[in-house]
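S.K.: from the sequence below, what's the structure:
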Amino acid sequence: MIIKPRIKGFVCITAHPSGCMQNVMDQAEFARKNTVSEDRKPKRVLILGSSTGYGLSSRIAATFSAGAETLGVYFERPPTSEKTASPGFYNSQAFVKLAQGQGIRSIDVNGDAFSNECKAEVVARAKEMGGEFDLVVYSLASPRRTDPVDGFSHRACLKPIGSVYKNKTLNTDRCEVREVVIEPANEAEILSTEKVMGGEDWLLWTDLLIKENLLAPNCLNLAYSYIGPEVTRPIYRNGTIGQAKEHLESSAERISHMMSESCGGRAYVSVNKAVVTQASSAIPVVPLYVSILFKVMREMGTHEGCIEQISRLFTERLYAGGDVPLDVHNRIRLDDWEMDPEVQAKIMEVWPKVNTENLTELTNFSEYQSEFLSLFGFGHPGVDYSLEVDPLNPF
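M.R.: Here you go, the predicted structure:
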């Protein structure tokens, strides 16, 4: 079939495998140029949420910057003869093909990482690999989670806490700047969001890996978070998702204590830069903020995508030698360039001025659109999108 993008709301329901392969190849090439020191590099890495975004880039960096074996866990839709797979499925296939081409072992588990069944399968596959991970990356992003204890299904929501939120937002389908009004969350919504996006599952995974003797001495255990600027604070950091992220970050201290006693390891939360992801595209205000951010950081020469961020994390933070630099809340701050006062001042200068008419002039919305399509394998200059593709056997 000839595959074209079909966008519905905040998601593209098709994915192009050749474009996904090219994206993974581009990231692998960048990672090869930013290698980790031989005496510090991880040898075997578990990535929970390995198929897109920062999780995918973490897997790519682990293998192509450090030569590490990886076990990747993701929950993605496989293809049929008439329907493409989800982009994360093709990303993972592409990664495995490239890793095997380098003679580096990689194992995939496609399942619900929140479930006990998936956890058991990961343990079994990890022992087949030889056990003992010296890096664990927790990068799950899901709108819902079924509690494995009581079977109750929790759904995350994006709402402010305590008051109504009003601000500018960007309708990406219509290229229209308009006002958004969001009612505050109730207690049940706040709790459910924390259950999905907080640190509970990260802790369960860590406890299981410790009990199964799957953490190597001095293992590092890493989760990703985001803080964001003042303009998104009421809806993000001070809202339901922000409260869940605070729970995730506070869980790092408990997990570090568990790991210190079991393997001498340490848990960290890395606060990363805003990038275009499927999840962030659905958050009001964020697409407009990111479009302005890209323009400002491009002009200042500090723009980074996922692979640039994770390569910097590996080479300048986790494996640079010596103590990992942390902020006063014991977090790794990879968002340091985004949150630079000069960057934020330039954004706040643009924010009150931007409207539908001057959107393309004052922002990099065109780059935002390109990045969004790239998530699904579209728009890559090296791909001929007029060619027929077999969605079942694309590589």
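
S.K.: all contacts plus neighbour counts: C-alpha atoms, from now on.
M.R.: Fine.

S.K.: so what strands line up beside the strand with the most length in the chain?
M.R.: For the chain, the strand reaching the highest residue count under DSSP state E is reported as strand 215-225. Sheet neighbours of strand 215-225, with direction, are listed as strand 133-138 (parallel), strand 266-271 (parallel) (DSSP bridges).

S.K.: contact partners of the last one?
M.R.: The set of residues that contact strand 266-271 without belonging to it, under Cα atoms under 8 Å, 6 or more residues apart in numbering, is 218-227, 249, 252-253, 255-257, 259-260, 330-335.

S.K.: can you show me the CA trace of the helix or strand of the chain with the lowest mean pLDDT as CSV?
M.R.: Least confident helix or strand, the chain: helix 278-281 with a mean of 78, by mean pLDDT, DSSP states H and E. Coordinates of each C-alpha in helix 278-281 appear next as CSV, following Å, rounded to 0.1, in the frame of the first residue of the first chain:
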residue,chain,number,x,y,z
GLN,A,278,2.2,12.4,21.0
ALA,A,279,1.5,13.1,24.7
SER,A,280,2.5,16.8,24.7
SER,A,281,0.6,17.5,21.5
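
S.K.: the stretch 101-250 of the chain: strands as residue ranges?
M.R.: Assigned strands in the stretch 101-250 of the chain, in chain order: 106-110, 133-138, 144-146, 153-155, 165-171, 176-182, 215-225 (criterion: DSSP state E, counting those that start in this stretch).

S.K.: quick one: those strands as a markdown table, columns for mean neighbour count and distance to residue 73 too.
M.R.: A markdown table is the format used below for those (neighbours: other Cα atoms under 10 Å; distance: least, Cα to Cα, whole Å):
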| stretch | mean neighbour count | distance to residue 73 |
| --- | --- | --- |
| strand 106-110 | 19 | 5 |
| strand 133-138 | 24 | 10 |
| strand 144-146 | 18 | 15 |
| strand 153-155 | 17 | 20 |
| strand 165-171 | 19 | 33 |
| strand 176-182 | 14 | 34 |
| strand 215-225 | 21 | 14 |
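
S.K.: what are the ranges of the helices in the stretch 101-250 of the chain?
M.R.: Secondary structure of the stretch 101-250 of the chain, counting by DSSP state H, counting those that start in this stretch: helices at 116-129, 187-197, 200-211, 240-262.

S.K.: looking at those helices, which is closest to residue 352?
M.R.: Of all those, the one in closest proximity to residue 352, counting by Cα to Cα, is helix 240-262 (24.2 Å).

S.K.: report how many residues lie close to residue 88.
M.R.: The tally of other residues near residue 88 (other Cα atoms under 10 Å) stands at 26.

S.K.: ok, back up a step: output the strands of the stretch 101-250 of the chain as TSV; include the columns mean pLDDT.
M.R.: Shown next, in TSV, are those (pLDDT from 0 to 100):
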stretch	mean pLDDT
strand 106-110	98
strand 133-138	98
strand 144-146	96
strand 153-155	96
strand 165-171	92
strand 176-182	94
strand 215-225	97
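
S.K.: okay if I get these as CSV plus distance to residue 56?
M.R.: CSV is the format used below for these (distance: least, Cα to Cα, whole Å):
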stretch, distance to residue 56
strand 106-110, 12
strand 133-138, 10
strand 144-146, 20
strand 153-155, 24
strand 165-171, 27
strand 176-182, 31
strand 215-225, 13
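
S.K.: just so I know, which of those lies nearest residue 373?
M.R.: strand 165-171 (15.7 Å).

S.K.: what residues does the closest one touch?
M.R.: Against strand 165-171 from outside (Cα under 8 Å, 6+ apart): 176-184, 234-235, 284-288.

S.K.: same check on stretch 377-386?
M.R.: Contacts for stretch 377-386 (Cα under 8 Å, 6+ apart): 2-5, 15-23, 87, 370, 373-374.

S.K.: list the buried ones in the least confident helix or strand of the chain?
M.R.: 278, 281 (16 or more other Cα atoms under 10 Å).

S.K.: going by contacts, tell me the helices and strands next to that helix.
M.R.: When contacts are defined as 3 or more Cα pairs under 8 Å, 6 or more residues apart in numbering; DSSP states H and E, helix 278-281 sits against helix 286-300.

S.K.: on that earlier part again, what's in contact with the least confident helix or strand of the chain?
M.R.: 10, 11, 141, 286, 287, 372, 375.

S.K.: and which of the residues you listed is nearest residue 358?
M.R.: Looking across these and measuring by Cα to Cα, the closest to residue 358 is residue 287, at 15.5 Å.

S.K.: please list all residues in contact with the closest one.
M.R.: 169, 170, 172, 276, 280, 281, 368.

S.K.: ditto for residue 285
M.R.: By Cα under 8 Å, 6+ apart, the neighbours of residue 285 are 167, 168, 169, 170, 232.

S.K.: can you flag the buried ones in the contacts of stretch 377-386?
M.R.: Buried among the contacts of stretch 377-386 (16+ other Cα under 10 Å): 3, 15-23, 87, 373-374.

S.K.: and those residues, which of them are in helices?
M.R.: Counted as lying in helices by DSSP state H, out of the buried ones among the contacts of stretch 377-386, are 17, 18, 19, 20, 21, 22, 23, 87, 373, 374.

S.K.: any idea how far residue 184 is from residue 243?
M.R.: Distance, residue 184 to residue 243, using Cα to Cα, to the nearest Å: 13 Å.

S.K.: residue 104 touches residue 67, doesn't it?
M.R.: Yes - using Cα atoms under 8 Å, residue 104 makes contact with residue 67 at a distance of 7.0 Å.

S.K.: more neighbours: which of the two?
M.R.: Using other Cα under 10 Å, the more surrounded residue of residue 104 and residue 67 is residue 67, with 23 against 16.

S.K.: may I have the secondary structure class of that one?
M.R.: Following DSSP: H, G, I helix; E, B strand; the rest coil, residue 67 is assigned to coil.

S.K.: could you do residue 313 as well?
M.R.: Classification of residue 313 by three-state DSSP places it in helix.

S.K.: how about the closest residue to it other than its chain neighbours, what does it touch?
M.R.: In this structure, residue 313 finds its nearest non-sequential neighbour in residue 334, 7.1 Å apart by Cα to Cα, 6 or more residues apart in numbering. Residues in contact with residue 334 (Cα under 8 Å, 6+ apart) are 270, 271, 272, 273, 309, 313.
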